[in-house]
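1. Output the structure for:
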Amino acid sequence: MFETFNEDSIKTIMIAQQEARGLGHKFVGPEHIFLGLIGVNAGETCRTLKLKGISLDRARDEIEKRLGRKPKLIMPLAIEFNDDSKRILEQSWGEAQKLGHNYIGAEHLLLALVADPNGPVPGILEQFGETPCSMTKKVAKIMDTQPLDTESS
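-> Now for the predicted structure:
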């Protein structure tokens, strides 16, 4: 499933799983992928989030308000992706293809998260004074300044 993911997007997914575990959640949802994007601390996409004051701690606090923190008594070894996060992973490939890219990068994950009108990320962004439309424009601007074929950016 992850063969089209570049190094940053794979790290994002790994951090998302760690964040889910840290919150005591037995699933990886779009919220955790968003935390993974902030936590990967790589590239302009992450810098764009941080410039808006969206730090990992602040975003985690916002997600904890929404989903709660569960006791970490017994956690499964493998944390499954829920249906919403699977849909985001699929949409990120669609975002990459729209841009003519043959890989999924962190920027494609963010575009998919932001484009999901029923998902949690647009609401989280609004807590930080950002709208999905403005974030999409910022990511598009970043993408315009980077080479198109950066497999492992």
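2. So, low pLDDT: which residues of this protein?
-> Within the chain, the stretches with pLDDT under 70 are 1, 42-46, 71-76, 142-153.
3. nearest spatial neighbour of the most centrally placed residue in it, skipping sequence neighbours?
-> Centroid check for the chain by C-alpha atoms, centre = their mean gives residue 34 as the closest residue, at 3.2 Å. Distance criterion C-beta to C-beta, 6 or more residues apart in numbering; nearest residue to residue 34, sequence neighbours excluded, is residue 121 at 5.1 Å. The C-beta positions use only the backbone N, C-alpha and C, and glycine is treated the same way.
4. secondary structure element for the residue nearest to the centre of the chain?
-> For residue 34, the host element (DSSP states H and E) is helix 30-40.
5. Report the contact partners of residue 31.
-> 63, 66, 67, 120, 121, 124 (C-beta atoms under 8 Å, 6 or more residues apart in numbering).
6. what about the last one, distance to residue 12?
-> When you say that, I think you mean residue 124. Distance of residue 124 to residue 12, computed by C-beta to C-beta, to the nearest Å: 16 Å.
7. In terms of neighbours, single out the busier of these two.
-> Neighbours per residue, other C-beta atoms under 10 Å: of residue 124 and residue 12, the larger number sits with residue 12, 30 against 22.
8. which helices and strands does the helix or strand hosting the more buried one pack with?
-> In this structure, residue 12 is located in helix 7-22 according to DSSP H and E. If you count contacts as 3 or more C-beta pairs under 8 Å, 6 or more residues apart in numbering; DSSP states H and E, helix 7-22 packs onto strand 27-28, helix 30-40, helix 106-115.
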